[in-house]
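Visitor: Below: sequence and its predicted model.
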Amino acid sequence: MQGYNVLIIYNKTMNQLLMCKRLNNPYKGLSNLVGGKIENDEVGIEAAYRELIEETGISKEDITLHHLMDFKYYFHKCYVEVYVGRLKQDVIVSGDENDLYWSDLNQNFFDMSLYAGEGNIGHMIEQVNMSKDKLLSDVLVD
């Protein structure tokens with residue numbers, strides 16, 4: 001079963017979310033969270049940090065990721081591990097796979113005409129909102 005990860009990355013002040021505009025299918029032209037494949041010999045959290053630095057330039061020193069939830073898709077023979085984190089300091093993001101940008105949080109992340117994933121992005125962000133204090137207490141905001 002193929003593994004994938006999705007990374008919910010907040011800026012230091014928790015008022016923006018790192019998104020990408022997909023350049024390829026699936027979901028070409030739609031906004032998405034960053035992430036990628038988990039290799040067969042990789043532990044999920046290691047794959048999450050690897051994908052994060054490959055796709056955004058954000059290193060392990062810049063952020064602590066927390067395992068939020070998993071999805072298993074039996075008919076598609078894959079699973080998705082979802083991680084969330086808040087930057088410890090401001091960083092410049094850069095990547096070649098998709099166009100990266102910081103989104104304000106007052107968006108309708110359930111809007112499938114703008115966001116990939118059949119509403120999953122909205123669901124994941126709501127789950128973070130319900131546990132924000134516990135999940136993201138490792139970094140104090142000035």
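Guide: Yes, it's here.
Visitor: rest of the way, CA atoms for contacts and neighbours
Guide: Will do.
Visitor: what's the lowest-mean-pLDDT helix or strand in the chain packed up against?
Guide: Sorted by mean pLDDT, DSSP states H and E, the helices and strands of the chain end with helix 120-135, the least confident at a mean of 91. If you count contacts as 3 or more Cα pairs under 8 Å, 6 or more residues apart in numbering; DSSP states H and E, helix 120-135 packs onto strand 78-86.
Visitor: Now do the strand it packs on: which elements does it pack against?
Guide: strand 2-10, strand 66-73, helix 120-135.
Visitor: Those into CSV, with extra columns for distance to residue 35 and mean neighbour count?
Guide: Listed next are the helices and strands packed on strand 78-86 as CSV, based on distance: least, Cα to Cα, whole Å; neighbours: other Cα atoms under 10 Å:
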stretch, distance to residue 35, mean neighbour count
strand 2-10, 4, 22
strand 66-73, 13, 14
helix 120-135, 12, 15
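Visitor: Make TSV out of those and add distance to residue 19.
Guide: Below are the helices and strands packed on strand 78-86 laid out as TSV (distance: least, Cα to Cα, whole Å):
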stretch	distance to residue 19
strand 2-10	8
strand 66-73	18
helix 120-135	10
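Visitor: Contacts for stretch 47-55, please.
Guide: By Cα atoms under 8 Å, 6 or more residues apart in numbering, the list of residues contacting stretch 47-55 from outside reads 5-7, 34-39, 58-60, 65, 83, 94-98.
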